[in-house]
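J.: Here is the input, now give the coordinates:
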Amino acid sequence: MSLKHVMEIYELMDDIHVTGETIKAYLAKINKTAEIEVKTIAGEEGSTDFIRVRIPGKNEHAKALGIIGRLGGIGARPEMIGFVSDGDGALASMAIAAKLLDMTNKGDQLEGDVIITTHICPTAPTQPHDPVPFMSSPVDIATMNRYEVDPAMEAILSIDTTKGNQIINHRGFALTPTVKEGYILKVSDDLLHVYTQSVGKLPVTMPITTQDITPYGNDVYHINSILQPAVATDKPVVGVAITTETAVAGCGTGASHVTDIEEVVRYCIEVAKVYGQGKCDFYNTREFNHLESLYGKLTHLQTIPTKEEAI
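T.: Numbers count the residues shown, from 1 in each chain. Next comes the predicted model:
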């Protein structure tokens with residue numbers, strides 16, 4: 001059961017003293033040969049521990065799926081006491097790693113590699129945002145992308161708490177359209193199908209705008225950082241947004257629903273199964289190439305223009 005891992009990792013993360021090494025030890029206890037890396041990176045407002053877990057597939061020619069737990073921090077201490085809503089991405093991603101390692105132990109090895117990254121910070125800062133406050137991070141978004149977007153990832157699911165808005169009014173999780181090299185493409189039919197099979201409900205999607213897929217720091221509104229990995233790769237990225245019916249602040253505590261997070265864990269694992277088998281497309285390659293032939297490349301949306309370029 002994925003729920004066991006969600007609950008156990010929640011208890012580990014709900015601790016002012018938790019570090020990346022704490023989570024590494026938990027995962028290594030499941031599988032002593034697990035490939036786990038932890039790096040502590042300092043920023044202007046503290047430090048955080050980036051963690052990377054690679055679960056090898058049995059077919060070296062199969063595509064590797066990337067899963068990123070995107071967040072500012074799992075805690076906002078001392079301002080807030082306890083695990084914050086923003087930490088759901090880290091919790092989900094590490095629960096996915098735990099379940100996949102457990103599956104491998106039991107003989108259920110996937111076809112392709114799965115690379116899972118996130119970061120662990122129990123004392124992250126906050127920042128103003130409308131309609132509710134954002135969680136910030138000790139490190140900037142470029143640093144996050146450097147340690148979380150692995151070049152070996154051939155498609156990416158970016159899991160992020162997306163509750164602080166009035167756009168998506170659903171408790172559970174929602175999928176964004178696929179984003180690739182500045183283009184917002186259609187929602188993947190294959191990913192929608194996996195949603196219906198794993199959740200047992202009609203799929204829920206989240207609208208995004210051009211602003212949301214541009215880099216932070218360009219002085220425009222972003223719904224959150226869920227699609228920031230898309231500015232650092234030419235691979236397709238889909239946001240898996242953990243959502244609520246009401247606007248909930250990222251720095252809010254007591255707002256994480258383990259059953260919703262467990263649904264995300266199961267969903268991402270099911271995507272990993274079929275993606276490695278070559279049965280799940282994030283986008284239509286022919287149509288994407290046709291779009292570029294008609295309208296050119298939009299990779300400039302992955303960058304912040306210089307003053308000269310912006311004129």
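
J.: Buried residues, stretch 287-301. List them.
T.: Neighbour counts over stretch 287-301 (16 or more other Cβ atoms under 10 Å) mark 288, 291, 298, 301 as buried. The C-beta positions use only the backbone N, C-alpha and C, and glycine is treated the same way.

J.: which residues does the first one contact?
T.: It stands for Phe288. Counting by Cβ atoms under 8 Å, 6 or more residues apart in numbering, Phe288 touches 180, 183, 185.

J.: same check, this time on Pro177
T.: Each residue near Pro177 by Cβ under 8 Å, 6+ apart is listed here: 184-187, 205, 208, 238.

J.: Please repeat the previous calculation with a cut-off of 10 Å.
T.: By Cβ atoms under 10 Å, 6 or more residues apart in numbering, Pro177 lies in contact with 183-188, 205-208, 213, 227, 238-239, 283.

J.: swap in Tyr283?
T.: Tyr283 sits next to 155, 177-180, 183, 185-188, 190, 236, 238 when contact means Cβ under 10 Å, 6+ apart.

J.: How about Glu263?
T.: For Glu263, the contact set (Cβ under 10 Å, 6+ apart) comprises 2-3, 6, 92, 172-173, 195, 198-201, 242, 257.

J.: one more time with 7 Å, if that's ok
T.: Contacts for Glu263 (Cβ atoms under 7 Å, 6 or more residues apart in numbering) come out as 172-173, 199.

J.: Any of the residues you listed buried? List them.
T.: Buried subset of these (neighbour count, 16+ other Cβ under 10 Å): 172-173, 199.

J.: Tell me which of those fall in strands.
T.: Among the buried ones among the contacts of Glu263, DSSP state E puts 172-173 in strands.

J.: picking up where we left off before, dump the contacts of Tyr283 to TSV, plus pLDDT and secondary structure.
T.: Formatted as TSV, these follow (pLDDT from 0 to 100; DSSP: H, G, I helix; E, B strand; the rest coil):
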residue	pLDDT	secondary structure
Ala155	98	strand
Pro177	98	coil
Thr178	98	coil
Val179	98	strand
Lys180	98	strand
Tyr183	98	strand
Leu185	98	coil
Lys186	98	coil
Val187	98	coil
Ser188	98	coil
Asp190	98	helix
Pro236	98	coil
Val238	98	strand
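
J.: Which of those residues are buried, as a ChimeraX select command?
T.: Listed next is the ChimeraX selection for buried residues among the contacts of Tyr283, using 16+ other Cβ under 10 Å:
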select :155,177,178,179,180,183,185,187,188,190,236,238
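
J.: Identify the farthest-apart pair in the contacts of Tyr283.
T.: Pairwise distances across those (Cβ to Cβ) peak at 17.9 Å, for the pair Tyr183 and Asp190.

J.: who does the helix or strand encompassing Ala28 touch, helix- and strand-wise?
T.: Secondary structure assigned from DSSP states H and E places Ala28 in helix 20-30. Applying 3 or more Cβ pairs under 7 Å, 6 or more residues apart in numbering; DSSP states H and E, we find helix 20-30 packed against helix 2-13, strand 35-43, strand 46-55, helix 88-105.

J.: What sits closest to Asp49 if chain neighbours are left out?
T.: Nearest non-adjacent residue to Asp49, counting by Cβ to Cβ, 6 or more residues apart in numbering: Gly20, 2.9 Å away.

J.: Just the pLDDT at that neighbour, thanks.
T.: Model confidence at Gly20, given as pLDDT, is 97.

J.: hey, where'd the helices end up in the stretch 101-250 of the chain?
T.: Under the criterion DSSP state H, counting those that start in this stretch, helices of the stretch 101-250 of the chain are mapped to 141-148, 189-199.

J.: on that earlier part again, would you mind giving the contacts of Phe288 as JSON lines with distance to Ala247 added?
T.: Output for the contacts of Phe288, formatted as JSON lines (distance: Cβ to Cβ, whole Å):
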{"residue": "Lys180", "distance to Ala247": "29"}
{"residue": "Tyr183", "distance to Ala247": "29"}
{"residue": "Leu185", "distance to Ala247": "28"}
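
J.: Can you give me the end-to-end span of stretch 158-176?
T.: End-to-end distance for stretch 158-176, by Cα to Cα, to the nearest Å: 10 Å.
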